[in-house]
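Q: Sharing a sequence plus its predicted fold:
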Amino acid sequence: MDTSAYLRSHIRTVPDWPAPGVQFRDITPLLQDPKVFRVLIDTFVHRYMDPALRPDVVAGLDARGFIIGSVLAYELGVGFVPIRKKGKLPFTTVEETYELEYGSATVELHTDAVKAGDRVLLIDDLIATGGTMMAGRKLLEKLGAQVVEGAAIVDLPELGGSQRLTDSGLSLFTLVDFAGH
Ligand SMILES: O=P(O)(O)OC[C@H]1O[C@H](OP(=O)(O)OP(=O)(O)O)[C@H](O)[C@@H]1O
Ligand SMILES: Nc1ncnc2[nH]cnc12
C-alpha cells in the first residue's frame, strides 16, 4: 500500500456531522496510532527538510493544524505560530473573516508572529472550500511574510478549495484526496 492509501485507511468518515449532508473526515484515528502518526509527520518532514522548501516558520491553523504543525516545526527546528479563531490571542492582532463549508469564521494572528520576508509554511489538517487557508495566507502576507507552500493531510477536491488556492498562485501539498461520498 502506498503512503497515501495507508494514511487514507486511517481516516474515518462520519456522515451528517456537524450538519446534515456533511461527510466529516475525521483524522483522530490517524493520530491515535503511533506508527501511522509517525508516517504522517515523517512524510511532511521529508518534504520540508529540502533546502528549497525549508521554511523559517510553520504557521498552523486553529485547531487541527496545531496538532501536526507544532510537531513538524519541532522536527524542522523552526518556530511555530498559531493562527487562531477570533478572541483567543492576547496581544495585538491582524484579522480576516471568511466562509466555511458550514458557517463563517474570523481568524487572527499576532502582529509580531512573523517578520517581513519570513518564508512560512502554512499547515492545516484539511482543505474543503479553501477559505481557512486563504484567510491564513492573507494574514501572513499582511505582515509581509511569504507563504512558500500550503500543506494539509486531506483535500476535498469537490468543494473546490484546492483549485481556488492553486489558481490564486499558492503552491499546495496534500497527502490524501477524498472525492465523492
Ligand atoms: O477549507 P475550508 O472550507 O476553510 O475548511 C477547512 C477547515 O475547516 C476545519 O476546521 P474548523 O473550522 O471546523 O475548526 P476546528 O479545526 O477547530 O475543528 C478544518 O480543520 C480546516 O481548518
Ligand atoms: N468535511 C469535512 N471534514 C472534516 N473537516 C472539515 N472541515 C470542513 N469540512 C470538513
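A: Everything's here; your move. Ligands and ions are numbered 1, 2, ... in the order given.
Q: mind listing the helices for the protein?
A: 3-8, 28-32, 34-49, 64-76, 131-142, 161-167 (DSSP state H).
Q: can you list the residues of the chain near ligand 2?
A: Neighbours of ligand 2 within the chain, by CB under 6 Å from any ligand atom: 22-25, 101, 126, 128, 156. The way it works is simple: take the backbone N, C-alpha and C, and place the C-beta from them, glycine included.
Q: And stretch 162-175, how far out from the chain middle?
A: 12 Å (CA atoms, centre = their mean, to the nearest Å).
Q: My read is that D118 contacts V58, right?
A: No: in this structure, D118 is not within contact of V58 by CB atoms under 8 Å, at 10.8 Å.
Q: who has more neighbours, the two?
A: V58 (26 against 21; other CB atoms under 10 Å).
Q: measure that one to ligand 2 for me?
A: 20 Å (CB to the nearest ligand atom, to the nearest Å).
Q: which non-adjacent residue is nearest that residue?
A: A73 (3.9 Å; CB to CB, 6 or more residues apart in numbering).
Q: Hmm, that neighbour is touching D56, no?
A: No: A73 is beyond contact range of D56, at 10.4 Å (criterion: CB under 8 Å).
Q: who's more crowded, those two?
A: Between A73 and D56, counted using other CB under 10 Å, A73 has the larger neighbour count: 21 against 17.
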